[in-house]
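**Student:** Curious how this folds, go ahead:
(chains A and B)
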2 protein chains.
Amino acid sequence: MARIVMKFGGTSVADLDRIRNVAGRVKREVDAGHEVAVVVSAMSGVTNQLVKWCQELSPLHDAREYDAVVATGEQVTIGLLAIALQAIGVDARSWLGWQVPIRTDNAHGKARVESIDGTLLIERMQSGQVPVVAGFQGIDPVRNRITTLGRGGSDLSAVAIAAAVKADRCDIYTDVDGIYTTDPRIVPRARKLDRISYEEMLELASVGAKVLQTRSVELAMKQRVRVQVLSSFEDKPGSLVVDEDEIVEQPIVSGIAYSRDDAKITLRRVPDRPGVAAAIFGALSKANVNVDMIVQNLGADATTDMTFTVSKADLARAQDVLEKARPEVGFEGIVADPDVAKISVVGVGMRSHAGVANTMFGALAEKGINIQVISTSEIKVSVLVGGDYTELAVRALHTAYGLDGPA
Amino acid sequence: MARIVMKFGGTSVADLDRIRNVAGRVKREVDAGHEVAVVVSAMSGVTNQLVKWCQELSPLHDAREYDAVVATGEQVTIGLLAIALQAIGVDARSWLGWQVPIRTDNAHGKARVESIDGTLLIERMQSGQVPVVAGFQGIDPVRNRITTLGRGGSDLSAVAIAAAVKADRCDIYTDVDGIYTTDPRIVPRARKLDRISYEEMLELASVGAKVLQTRSVELAMKQRVRVQVLSSFEDKPGSLVVDEDEIVEQPIVSGIAYSRDDAKITLRRVPDRPGVAAAIFGALSKANVNVDMIVQNLGADATTDMTFTVSKADLARAQDVLEKARPEVGFEGIVADPDVAKISVVGVGMRSHAGVANTMFGALAEKGINIQVISTSEIKVSVLVGGDYTELAVRALHTAYGLDGPA
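**Tutor:** Numbers count the residues shown, from 1 in each chain, chains lettered A, B, ... in the order given. Sure, this is the predicted structure:
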């Protein structure tokens, strides 16, 4: 017997038939003798509609009212799922964020979970009832108002509840059946990973594999919650996200991720004197523009070309900020290129193996792919390449690291 | 300066434009120097959709889950209206039933309001903020679960909140512009009443004038809340529902109501002995069939014909129950007639004036309308007539009591 938190996203509860299907899956776990709590999102499309209404009424709407409005999506699904479970003989009841309670700070629209009282949920689970908990929402206990955790927040709710009820596992049901070595739409021979470490999942999540919300992986790592990603629609085991120590045979590289969400900015002929970098990145930071990869090439004279990436959504703002800082900083010109892709090779095995980056550069060179920027972390090597080369680069690296499954 | 509760129903908040229109109306009251709280229903159609989902998943769904689901409709509108108010410079915030709190019993789906703590709402109103309160919902404080007050419950919420915040008036905005002497679709010369007493409104509400929910009128009468019924879409004064004492010139008859929701049942040749009526109506009561008008005609022999009305929706069940009771009671036969209408003449002035019933009988006789059953209360005379005669009877009585307005 295990204690399991099962989480179902919007597409898994998109209509009554799918809600019945979810109820059936929950019943199977209950019938197998497990203690089960369920976390659900809003029916797909519902949250978008609610957000649109708020924005149409006022682009600068009160985030507290926004939260009251959008939190209704999950409230509908928990009630409906509880009814569907009862209809097939499973004792169940719905729980809203303020009923559990799931306490958060008061950063409405993107609140952080501060504490979850698991007492009531554990009591109910032990008595054989299935708590059906609204994802994505909590309560600011000081002001007694509903908060939401930001888009994708239901994954975070599930992991946080799993930690609070000391669950053996948190199963995230989704429309893919696990975590792959890379995007199977690009590499048909991509393999599903049985296990992946938190650290690797975090790198993969943050560079474009949109299976799990990044904050939920961080929380799972911090609280040591074992997470399984699996399909709502098929019956097969998924991928386990666990502590490194639980993975016996650690490959050097676990996966290849890519992202087309970045744009490249190059500042030409920046004066090479102390304080210049601080002036540039300070101005961007003040304007809330996140900078990712940074390289600097010293030129023949006393100037340097400085290249970095920002999110594509921030590109116009970044250019504006830099143009204003130009008199102070004194560079010659700004060259912006939105047509780039970041390709990353991720694996905890890199820590103990040399030559991972070299394999990458060699494989890309062989295909004639020019590397524009390089950045590395302990378990990741990322390169920036021309956007047109995305698929080619991913396929070349997938093969180079021996990740291809059977044809 | 007055303190006003403004209530808007589903058609008044059916889309964003109408929500903006409501915000504009609230702003005008605020600009006029009044302290205002607003109560709103769900956008029209939303509650029906949510109810349908619950029923499709399970006809015998858990009423607690049903309440969690359907209460979301109002939660969406309070958030959206608060945003719309803020957008035009009115300080506003949304309040859910559990935030106020609006405490109810635990009769989910048709809960009764037990107490409302008006403290927070009054504080906010005095500080110039407009509370936007979710109608139709409350909380069972013992089990900490959301309750709903039954269909039309937002009227009840508005009146209860008006009482709790000691409002000078509760304005119910709706799609009609007031309370009429009768249905204007039947009598084009029907007049809008400036004032009507609680007692009269209660009789009119319960016999078919669907402007105000009956329970809300009862509560207004009990708590002495002055209620105004007026149009969301037009700019003109509505009808005030107030204490009798506030109505200076009391007409004998205030209005003519009609209902086609009843069916007539006649039991032929019922033995005329003690205990027979108890056996008949006891059986119906046990089957939850409400009986309204009752008459009994003693025949030439030791039997009697017994006639009474039940709701059309209950007719089949009533016949079934009576058929089963037949051996015990010993009547000869059941004659059911669903094609009847109940026409009622209502007015507190009847208390002090004789001859009201006589005028009714005379006016109906003159048109050749046969009266099947008569029943009276202190301020009402009702008759049952053939369904085909409904409009003719209403028009004849409207004229007979001098209620016709200018042509």
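**Student:** use CA for all of it now, contacts and neighbours both
**Tutor:** Noted.
**Student:** Quick check: A:Asp404 vs chain B, distance?
**Tutor:** 45 Å (Cα to the nearest Cα, to the nearest Å).
**Student:** Wait, a helix at that residue?
**Tutor:** No: using DSSP: H, G, I helix; E, B strand; the rest coil, the secondary structure at A:Asp404 is coil, not a helix.
**Student:** ok, the residue nearest to it when sequence neighbours are not counted - contacts?
**Tutor:** Excluding the flanking residues, the one nearest A:Asp404 by Cα to Cα, 6 or more residues apart in numbering or on different chains is A:Arg189, at 5.3 Å. Residues counted as contacts of A:Arg189 (Cα atoms under 8 Å, 6 or more residues apart in numbering or on different chains) are A:404-407.
**Student:** can you do 6 Å?
**Tutor:** Shown in contact with A:Arg189 (Cα atoms under 6 Å, 6 or more residues apart in numbering or on different chains): A:404-405, A:407.
**Student:** likewise A:Gly387?
**Tutor:** A:339-341.
**Student:** so where do the helices sit in chain A?
**Tutor:** Remark: helices assigned in chain A by DSSP state H are A:16-31, A:46-57, A:63-70, A:72-87, A:119-126, A:153-164, A:198-206, A:214-223, A:276-286, A:315-329, A:356-366, A:390-400.
**Student:** Between these, which one is closest to A:Val142.
**Tutor:** helix A:63-70 (13.4 Å; Cα to Cα).
**Student:** and the closest one, average pLDDT?
**Tutor:** For helix A:63-70, mean pLDDT is 97.
**Student:** does chain B sit close to that helix?
**Tutor:** Yes: contact of helix A:63-70 with chain B (Cα under 6 Å from any Cα of the partner chain) involves A:65, A:68-69.
**Student:** burial count for A:Lys342?
**Tutor:** For A:Lys342, the neighbour count with other Cα atoms under 10 Å in any protein chain shown is 27.
**Student:** ok, it to A:Leu193 distance?
**Tutor:** Counting by Cα to Cα, to the nearest Å, the separation of A:Lys342 from A:Leu193 is 22 Å.
**Student:** re earlier: just put the residues of helix A:63-70 next to chain B in JSON lines and tack on neighbour count and distance to A:Thr148.
**Tutor:** Below are the residues of helix A:63-70 next to chain B laid out as JSON lines (neighbours: other Cα atoms under 10 Å in any protein chain shown; distance: Cα to Cα, whole Å):
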{"residue": "A:Glu65", "neighbour count": "28", "distance to A:Thr148": "11"}
{"residue": "A:Ala68", "neighbour count": "26", "distance to A:Thr148": "9"}
{"residue": "A:Val69", "neighbour count": "26", "distance to A:Thr148": "10"}
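**Student:** Report the separation between the residue of chain A most remote from its centre and chain B.
**Tutor:** Distance from the C-alpha centroid of chain A peaks at A:Asp301, with 43.2 Å (Cα atoms, centre = their mean). The gap separating A:Asp301 from chain B is 56 Å, by Cα to the nearest Cα.
**Student:** what's that residue in contact with, if anything?
**Tutor:** Residues near A:Asp301 by Cα under 6 Å, 6+ apart: none.
**Student:** What is the neighbour count of A:Leu403?
**Tutor:** 20.
**Student:** same check, this time on A:Gln250
**Tutor:** A:Gln250 is flanked by 17 other residues according to other Cα under 10 Å.
**Student:** Next one: the nearest residue to it once chain neighbours are set aside, what pLDDT does it get?
**Tutor:** Nearest residue to A:Gln250, sequence neighbours excluded (Cα to Cα, 6+ apart): A:Gly349, at 6.3 Å. The model reports A:Gly349 with a pLDDT of 86.
**Student:** Same check on A:Thr376?
**Tutor:** For A:Thr376, the model assigns a pLDDT of 88.
**Student:** Tally up the residues packed near it, please.
**Tutor:** 13.
**Student:** gap between the two ends of stretch A:36-45?
**Tutor:** End-to-end distance for stretch A:36-45: 27 Å, by Cα to Cα.
**Student:** And for stretch A:145-163?
**Tutor:** Stretch A:145-163 stretches 24 Å from its first residue to its last (Cα to Cα).
**Student:** List the buried residues for that stretch?
**Tutor:** The neighbour-count check on stretch A:145-163 (16 or more other Cα atoms under 10 Å in any protein chain shown) flags A:145-150, A:152-163 as buried.
**Student:** next one: stretch A:172-188
**Tutor:** Quick answer for stretch A:172-188 (16+ other Cα under 10 Å): A:172-175, A:177-183, A:187.
**Student:** What residues does the stretch 51-200 of chain A have near chain B?
**Tutor:** So the stretch 51-200 of chain A meets chain B at A:57, A:61, A:65, A:68-69, A:72, A:76, A:79, A:83-84 (Cα under 6 Å from any Cα).
**Student:** Could you report the separation of A:Gly45 from A:Lys52?
**Tutor:** For A:Gly45 relative to A:Lys52 (Cα to Cα), the value is 11 Å.
**Student:** next one: A:Ser375
**Tutor:** Per Cα to Cα, A:Ser375 is found 38 Å from A:Lys52.
**Student:** do A:Leu80 as well
**Tutor:** 24 Å.
**Student:** More neighbours: the two, which one.
**Tutor:** A:Leu80 (31 against 13).
**Student:** nearest spatial neighbour of the more buried one, skipping sequence neighbours?
**Tutor:** B:Cys54 (6.3 Å).
**Student:** same thing with A:Gly347?
**Tutor:** Counting by Cα to Cα, 6+ apart, the residue nearest A:Gly347 is A:Val253, at 4.1 Å.
**Student:** give me the number of residues near that neighbour?
**Tutor:** Neighbour number of A:Val253 under other Cα under 10 Å is 22.
**Student:** Over to A:Val13?
**Tutor:** A:Val13 has 25 neighbouring residues, counting by other Cα under 10 Å.
**Student:** I'd say it and A:Ser41 touch.
**Tutor:** No: if you go by Cα atoms under 6 Å, A:Val13 and A:Ser41 don't touch, sitting 7.7 Å apart.
**Student:** distance of the closest residue to A:Val30 other than its chain neighbours from A:Leu230?
**Tutor:** Leaving aside its chain neighbours, A:Val30 sits nearest to A:Val36 (6.6 Å; criterion: Cα to Cα, 6+ apart). Using Cα to Cα, A:Val36 is found at 16 Å from A:Leu230.
**Student:** These two - which one has more neighbours?
**Tutor:** Neighbours per residue (other Cα under 10 Å) separate A:Val36 from A:Leu230, with A:Val36 holding more: 27 against 23.
**Student:** could you list every residue that touches the more buried one?
**Tutor:** Contacts of A:Val36 (Cα under 6 Å, 6+ apart): A:3-5, A:130.
**Student:** wait, isn't A:Ala336 in contact with A:Ile265?
**Tutor:** Yes: here A:Ala336 lies in contact with A:Ile265, judged by Cα under 6 Å, at a distance of 4.5 Å.
**Student:** Tell me where the model's unsure across chain A.
**Tutor:** For chain A, the stretches flagged by pLDDT under 70 are A:205-210, A:300.
**Student:** Got the domain ranges for it?
**Tutor:** Domain ranges of chain A: A:3-175, A:245-407, per automatic domain parsing.
**Student:** Please identify the deepest-packed of those.
**Tutor:** Using mean count of other Cα atoms under 10 Å in any protein chain shown, the stretch among the domains of chain A with the largest mean neighbour count is domain A:3-175, at a mean of 22.
**Student:** Can you give the contact residues for stretch A:99-110?
**Tutor:** A:63-64, A:111-116, A:138-140, A:147-150.
**Student:** In strands, which of these fall?
**Tutor:** A:113-116, A:138-140, A:147-148 (DSSP state E).
**Student:** what bridges to A:Thr148?
**Tutor:** Assessed by DSSP bridges, A:Thr148 has beta-bridge partners A:Gln137.
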